[in-house]
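Undergrad: No letters, just coordinates:
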């Protein structure tokens with residue numbers, strides 16, 4: 001296994017029965033670490049709820065796929081205002097604390113907002129209940145600044161938020177990220193990918209067409225699932241053994257990526273009650289994470305130990321009003337505990353057209369041009385920001401090694 005690149009900034013969420021603290025440390029010499037105690041023992045839960053409310057409000061304000069020039073300032077103010085509200089929930093109006101944190105961030109990453117330089121790497125570590133929406137925090141500049149009037153102003157202003165300036169790696173304890181940093185390719189140098197979807201989502205159909213069309217020369221696609229075949233393995237079987245084919249056979253090289261374009265539900269406070277809904281060719285399934293986890297346990301005790309790395313999972317939750325931010329960490333937790341080498345997913349439900357545009361931008365960089373995952377994810381966020389003026393790429397979080405890349409090399413293809 002390759003040695004992971006050390007982060008430029010580490011943020012650790014430390015929770016005990018009485019209080020929650022955030023530890024900020026920098027790799028740059030001479031930068032003093034910062035430890036901050038959050039306001040209230042339930043601050044992180046309140047932050048997740050506010051994030052959900054704020055993202056829902058922001059999605060409602062984005063009346064079109066591409067934001068018009070006249071709406072740029074309003075959209076930025078809403079996004080930056082959400083970040084400031086999250087800061088207020090976390091730290092209150094403690095002026096000294098907020099200034100200390102902003103000073104730390106700019107001292108640790110003095111060129112962090114410069115898009116011409118390699119982006120800094122920030123690692124955020126915490127338990128499943130210690131989720132910190134770091135990407136949304138305007139730590140480079142907490143004051144929103146002058147009104148946004150042009151597209152360039154919009155991109156520059158948005159880089160005050162961590163997720164538009166930095167590669168952010170999430171680490172969820174106690175679930176480790178398994179496997180090496182290289183995805184393997186099969187015949188014709190193509191990457192094995194499995195596609196699971198909800199067929200009535202226009203974005204899911206659009207993504208499938210991209211995999212079969214523009215991505216076809218680079219991707220060995222298995223799916224879509226469900227496909228109507230009665231002999232096809234079930235969802236848990238495909239997750240547990242990514243060598244299984246839908247026709248009942250096996251492929252030599254297992255899935256390197258499993259892509260879900262479907263509905264996800266997290267309306268219940270019970271994380272095990274969160275659901276994945278799939279549909280295709282007249283077949284429909286809606287599975288709770290509790291039932292899926294139970295099936296994975298049964299498979300692990302009845303089958304031989306797996307001797308290969310499990311795939312990266314991307315869960316592109318499309319649609320509206322189904323997935324809520326407070327329950328979003330349930331999905332990466334399931335797959336990381338299964339042993340998958342990483343998970344990418346959204347913090348809330350994403351509109352169909354945005355979800356399709358983001359996944360195509362990501363896979364064009366990651367699977368075709370073979371840019372390392374962390375930079376590919378950041379560039380995809382910036383792509384939506386620069387071409388569509390749409391900031392919802394910020395809702396995608398990665399629990400994976402940012403150096404993960406497709407063999408034989410991680411550099412861009414021409």
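TA: Looks like it arrived, so ask away. What you see is a predicted model; the values in this text were computed from it and never measured.
Undergrad: ok, now which ones touch the residue lying closest to residue 362 once chain neighbours are set aside?
TA: Leaving aside its chain neighbours, residue 362 sits nearest to residue 380 (4.4 Å; criterion: C-beta to C-beta, 6 or more residues apart in numbering). Placement of C-beta: from N, CA and C, glycine included. Contacts for residue 380 (C-beta atoms under 8 Å, 6 or more residues apart in numbering) come out as 358, 361, 362, 365, 393, 396.
Undergrad: Kindly recompute the last result at 7 Å.
TA: With C-beta atoms under 7 Å, 6 or more residues apart in numbering as the criterion, the residues that contact residue 380 are 358, 361, 362, 365, 393.
Undergrad: Repeat that for residue 151.
TA: Applying C-beta under 7 Å, 6+ apart to residue 151 gives the contacts 69, 389.
Undergrad: distance of it from residue 89?
TA: The spacing between residue 151 and residue 89, counted by C-beta to C-beta, to the nearest Å, is 31 Å.
Undergrad: Residue 278 now?
TA: 35 Å.
Undergrad: Just to check, residue 379 is in contact with residue 365?
TA: Yes - applying C-beta atoms under 7 Å, one finds residue 379 in contact with residue 365, separated by 5.8 Å.
Undergrad: In the stretch 301-414 of the chain, where is pLDDT below threshold?
TA: 318-327, 408-414 (pLDDT under 70).
Undergrad: Would you map the strands across it?
TA: 310-317, 340-346, 396-400, 405-406 (DSSP state E, counting those that start in this stretch).
Undergrad: The stretch 51-200 of the chain now?
TA: Going by DSSP E, counting those that start in this stretch, the stretch 51-200 of the chain shows strands at 121-127, 167-173, 182-183, 191-197.
Undergrad: among the ones you listed, which is nearest residue 222?
TA: Closest of these to residue 222 is strand 191-197, at 4.7 Å (criterion: C-beta to C-beta).
Undergrad: ok, which pair from the contacts of residue 380 is furthest apart?
TA: The span of the contacts of residue 380, defined through C-beta to C-beta, is set by 365 and 393 at 12.4 Å.
Undergrad: neighbour count winner among those two?
TA: Neighbours per residue, other C-beta atoms under 10 Å: of residue 365 and residue 393, the larger number sits with residue 393, 26 against 21.
Undergrad: where exactly do the helices run in this structure?
TA: Assigned helices in the chain, in chain order: 43-61, 72-91, 95-108, 151-158, 162-165, 202-212, 235-240, 289-302, 330-338, 352-363, 373-387 (criterion: DSSP state H).
Undergrad: what's the angle between the third one and helix 72-91?
TA: In other words, helix 95-108. Taking axes from the mean of the first three to the mean of the last three C-alpha atoms, to 10 degrees, one finds helix 95-108 and helix 72-91 inclined to each other by 110 degrees.
Undergrad: What residues of helix 95-108 count as buried?
TA: 97, 98, 100, 101, 102, 104, 105, 106, 108 (16 or more other C-beta atoms under 10 Å).
Undergrad: how close does the closest residue to the fourth one other than its chain neighbours get to residue 379?
TA: Closest residue to residue 101 apart from its sequence neighbours, by C-beta to C-beta, 6+ apart: residue 34 at 6.1 Å. From residue 34 over to residue 379 the distance is 29 Å, taken as C-beta to C-beta.
Undergrad: The two - which one has more neighbours?
TA: Taking neighbours as other C-beta under 10 Å, residue 34 and residue 379 compare with residue 379 leading, 21 against 18.
Undergrad: sorry, back to before: name all residues that make contact with the residue nearest to residue 101.
TA: 24, 100, 101, 104.
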